[in-house]
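> test case, fold it:
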Amino acid sequence: MPWERKLGRSTAHRMAMLKNQVSDLLWLGRIETTLHKAKETARLAEKMLTLAINSYEDTLKLTRVEKDSKGKEKTVEYFNDGPKKLAARRKIMKVVVPLKELKREDETKTAYKLRTKDVKHPLVEKIFNELAPKYADRIKEKGQGGGYTRVIKTGVRTGDNAPTAIIELV
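Numbers count the residues shown, from 1 in each chain. Just a heads-up that it's a prediction; the model follows:
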């Protein structure tokens, strides 16, 4: 029904809520919410994953001549995002909320800083480095795109009797 897509919220509130839910879903892999919120979250998450899958291989190999401290020249190779991947990365960064990498229980503070030093947007990196290759292989296996999320109805919530669901990445 058309009024369900608005979720009883103003546009700004609805978009902020969906951004948070999509970010949590992509970061954690599974969240529990109401059925209608889960369906809207799935729509947005599928779009973000499709963007990443279609562009995650677009990288450019660049070489640059640098001088070291002794004045010796050496060539350094590095990789940059191609135009397609860069555009997809920017679109995804508009939708997802920048989540912070958590410190592990057995990890020291210096080890945590060393591990997260070069990562500016951990969620975007996870989408491009882990999720996109995983689902691209799935597309090659099954020969079909889409279907990256699953919504499972779990019953009703006590108090307001709202239908609840678990949404997870497949």
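> just give the nearest non-adjacent residue to the spatially most central residue of the chain, would you?
The C-alpha lying nearest the average C-alpha coordinate of the chain belongs to I127 (C-alpha atoms, centre = their mean; 4.2 Å). Closest residue to I127 apart from its sequence neighbours, by C-beta to C-beta, 6 or more residues apart in numbering: A52 at 4.9 Å. C-betas here are computed from N, CA, C, even on glycine.
> from the contact counts, what lies against the strand or helix carrying L51?
Using DSSP states H and E, L51 sits within helix 35-55. Counting contacts by 3 or more C-beta pairs under 8 Å, 6 or more residues apart in numbering; DSSP states H and E, helix 35-55 packs against helix 11-28, helix 83-95, helix 132-142, strand 149-156, strand 163-169.
> look at A136 and report its pLDDT.
Turning to A136, the model gives it a pLDDT of 95.
> if you tally nearby residues, what's the number for it?
Using other C-beta atoms under 10 Å, A136 has 17 neighbouring residues.
> which residue, other than its chain neighbours, is closest to it?
I53 (5.1 Å).
> please apply the same query to L49.
Excluding its sequence neighbours, the residue lying closest to L49 (C-beta to C-beta, 6+ apart) is Y148, at 4.8 Å.
> do M93 as well
Distances taken as C-beta to C-beta, 6+ apart put V124 closest to M93, at 5.9 Å, once the chain neighbours are dropped.
> what sits against E66?
E66 makes contact with 73-76 under the criterion C-beta atoms under 8 Å, 6 or more residues apart in numbering.
> make it 6 Å
Shown in contact with E66 (C-beta atoms under 6 Å, 6 or more residues apart in numbering): V76.
> what do you get for V22?
Contact analysis of V22 by C-beta under 6 Å, 6+ apart lists 41, 44-45.
> just L26 next, same as before
Applying C-beta under 6 Å, 6+ apart to L26 gives no contacts.
> so for it, what's the pLDDT?
Taking L26 on its own, its pLDDT is 96.
> for it, give its distance to R64.
L26 sits 33 Å away from R64, going by C-beta to C-beta, to the nearest Å.
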